[in-house]
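Asker: Here is my input; please provide its structure:
(one chain, ligands or ions: 1)
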Amino acid sequence: MNTPSDKALVPFVSVDNMMRLIHHIGVGDMLRDLAEYIESDFHRWELFDKTPRVASHSDVGVIELMPTSDGEAYGFKYVNGHPKNTAEGLQTVTAFGLLADVYTGYPVLLTEMTILTALRTAATSAMVAKYLAPKNSTTMAMIGNGAQSEFQSLAMKAICCVETIRLYDKDRAASEKCAANLAQTGLKTVICTTPEEAIQGAQILTTCTADKQNATILSDNMVGAGVHINAIGGDCPGKTELASGILNRSDVFVEFPPQTRVEGEIQQMDESFEVTEFWKVVTGQTPGRTSDRQITLFDSVGFAIEDFSALRYIRDKVKDTPYHYDLDLLADPDDPRDLFGMLQRAKA
Ligand code: NAD
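Answerer: Numbering: from 1, shown residues only. Predicted coordinates for the structure are as follows:
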C-alpha cells in the first residue's frame, strides 16, 4: 500500500498561502513577473491549443471553464461571474485552477485563483498598455472601483509608471474603499463624482464595472483622440460597457477573436468588424500604437493562456517553499491495475 511519502501528492495553494506568497514577493514585483510570464506566452501563442471558454449561463451569472495546453503542460480555470453577488456579500468573480503534466496527465498544481485572476487580469492590462498607451502616460481613469480596481491601478503603476488614478464608481463607498487601499502605495488618487470628471486629463481609460446588461459607461462624445481604453468589464454575452461609436473610431485589439466576438465589446459589431490579435503586436508582426491621435482599445475578456501563464508562475514560485500543502488528490496504487485491491487494503 502507498505510504504518505510515496503517494503522488499534488501541491495545493490555498487563499491564505496565496496571500502569504504575494506578500513574500511583493505586489508590484509579482505583477511585473506575471506580466513577463504572460508576455512570453503571447510570444508563443501559435503553439497553444486554443478554444473559446466553455460557458454555462444563468439569469444571474455565468460559470466558465477555461482550458489550454502548450503540449507539455495543460491548465484550466474554473471561474464565475455573478454581478448580483456583491449585494449579497459575495464576490462577483471567484476562481480556482489546475495545471497538469501532459505526459502523465497527472495534476502538478491546484490553486486558488480569485486573487490570482485579479493579478493576472491587471498584469495583462498593463502589459497591453505598455505597447498601446500613449508614451509617458501618467494618469488613468478607473471607472468601476470594485474587487479588480486596486490591482488594475497597481499594475499600471508597476509596468507603465502611471502616477495618478482618477476614481469613479456609481457607489461612492467603492471609490472610498479603493482610495483608502491605495493610500500607502505611492499612487495619487482623486475621487470623482461623474465618469466625465474621471476621464479629465487621463491618457488611459479603464472601465471595470459589473452589470449584466449593455451599459454605456463611456459614451462616444466622452472619448477624445489619442487615449488608450482598457475595457475589462464587458466579458459576457449581453454585458458591455462602451457605446458602439467608440469602437468605430478605435483600433481594437483582442485576445482570441472567436471568444471576444461572443463576449467582448465587439459583440455589438458584425463579424466583418476588423480587430487585431494582440499576440501579433507582441511578436512584432503588427504595429501597436502608430500615431498620437489614434484611439487604441483593448477589448479584454480574459483568455485561458493568461491563466496558464499565471499557473506556470505559481508552480515555479511555490516549489520548495512553505506556501502550499500537499493534497492526497490522486488514487495511485503501487500496482496501477489494482485500484480495488488498494481500496480493500485500506479497510483492513
Ligand atoms: P465588483 O462587483 O467587485 O465591482 C464592480 C464595480 O462596478 C462595483 O463597485 C459597482 O458599484 C461598479 N459599477 C457597476 N455599474 C456601474 C456604473 N454604471 N458606473 C460606475 N460603476 C459601476 O466586480 P469586479 O470583480 O471588480 O469585476 C469588474 C468587472 O470585470 C466584472 O464585470 C467582471 O466580470 C470583469 N472581469 C473581467 C476580467 C477580464 O479578464 N476581462 C477579469 C476579471 C473580472
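Asker: tally of neighbours for residue 111?
Answerer: Residues lying near residue 111 (other C-beta atoms under 10 Å) number 26. C-betas here are computed from N, CA, C, even on glycine.
Asker: Please report how far the residue lying closest to it once chain neighbours are set aside lies from residue 128.
Answerer: Distances taken as C-beta to C-beta, 6 or more residues apart in numbering place residue 13 nearest to residue 111, at 3.9 Å, with adjacent residues excluded. In this view, residue 13 and residue 128 are 26 Å apart by C-beta to C-beta, to the nearest Å.
Asker: list the contacts for the residue nearest to residue 111?
Answerer: Neighbouring residues of residue 13 by C-beta atoms under 8 Å, 6 or more residues apart in numbering: 21, 109, 110, 111, 112, 314, 318, 323, 324.
Asker: Quick check: closest non-adjacent residue to residue 332.
Answerer: residue 8 (4.2 Å).
Asker: Name the SS class of the one you found, please.
Answerer: coil (DSSP: H, G, I helix; E, B strand; the rest coil).
Asker: Now for it: which residues touch it?
Answerer: Residues in contact with residue 8, defined by C-beta under 8 Å, 6+ apart, are 106, 330, 332.
Asker: which one among these gets closest to the ligand?
Answerer: residue 106 (28.5 Å; C-beta to the nearest ligand atom).
Asker: my read: that closest one touches residue 74, true?
Answerer: No - when contacts are counted by C-beta atoms under 8 Å, residue 106 is not listed as touching residue 74 (10.4 Å).
Asker: follow-up on the earlier one: okay, the residue nearest to residue 111: pLDDT?
Answerer: Note for residue 13: predicted pLDDT of 98.
Asker: Longest helix in this protein, please.
Answerer: Criterion DSSP state H: the longest helix present in the chain is helix 114-132.
Asker: check whether that helix contacts the ligand.
Answerer: Yes - with C-beta under 6 Å from any ligand atom as the criterion, the ligand is reached by helix 114-132 at 117, 121.
Asker: Just the ones of the contacts of residue 13 in strands?
Answerer: Judged by DSSP state E, these include 109, 110, 111, 112 as members of strands.
Asker: Buried by neighbour count, from those residues: which ones?
Answerer: With burial judged by 16 or more other C-beta atoms under 10 Å, the buried subset of these is 109, 110, 111, 112.
Asker: Near the residue in the chain that the ligand sits nearest to, how many other residues are there?
Answerer: Residue nearest to the ligand within the chain: residue 146 (1.7 Å; C-beta to the nearest ligand atom). Using other C-beta under 10 Å, the number of residues around residue 146 comes to 20.
Asker: Please report how far the residue nearest to it when sequence neighbours are not counted lies from residue 212.
Answerer: Closest residue in space to residue 146, ignoring its immediate chain neighbours: residue 174 at 5.9 Å, by C-beta to C-beta, 6+ apart. Distance of residue 174 to residue 212, computed by C-beta to C-beta: 18 Å.
Asker: Isn't residue 222 up against residue 197?
Answerer: No - using C-beta under 8 Å, residue 222 makes no contact with residue 197, being 10.7 Å away.
Asker: Just give me the neighbour total for residue 334.
Answerer: Counted with other C-beta under 10 Å, residues neighbouring residue 334 total 11.
Asker: helix, strand or coil for it?
Answerer: Strictly by three-state DSSP, residue 334 counts as coil.
Asker: one step back: who's in contact with the residue nearest to residue 146?
Answerer: Counted by C-beta under 8 Å, 6+ apart, residue 174 has contacts 144, 145, 146, 149.
Asker: Could you export those to TSV, including columns for secondary structure and pLDDT?
Answerer: Output for the contacts of residue 174, formatted as TSV (DSSP: H, G, I helix; E, B strand; the rest coil; pLDDT from 0 to 100):
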residue	secondary structure	pLDDT
144	coil	98
145	coil	98
146	coil	97
149	helix	98
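Asker: okay, the angle between the helix or strand containing residue 252 and helix 114-132?
Answerer: Assessed by DSSP states H and E, residue 252 sits inside strand 250-254. On the basis of axes from the mean of the first three to the mean of the last three C-alpha atoms, to 10 degrees, strand 250-254 is oriented at 140 degrees to helix 114-132.
Asker: Kindly export strand 250-254 (C-alpha atoms) in PDB.
Answerer: Provided in PDB are the C-alpha atoms of strand 250-254 (Å, rounded to 0.1, in the frame of the first residue of the first chain):
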ATOM      1  CA  SER A 250     -10.800  53.000 -32.300                       C
ATOM      2  CA  ASP A 251      -8.200  50.400 -33.300                       C
ATOM      3  CA  VAL A 252      -9.400  47.400 -31.400                       C
ATOM      4  CA  PHE A 253      -7.000  44.800 -30.000                       C
ATOM      5  CA  VAL A 254      -8.300  41.400 -28.700                       C
END
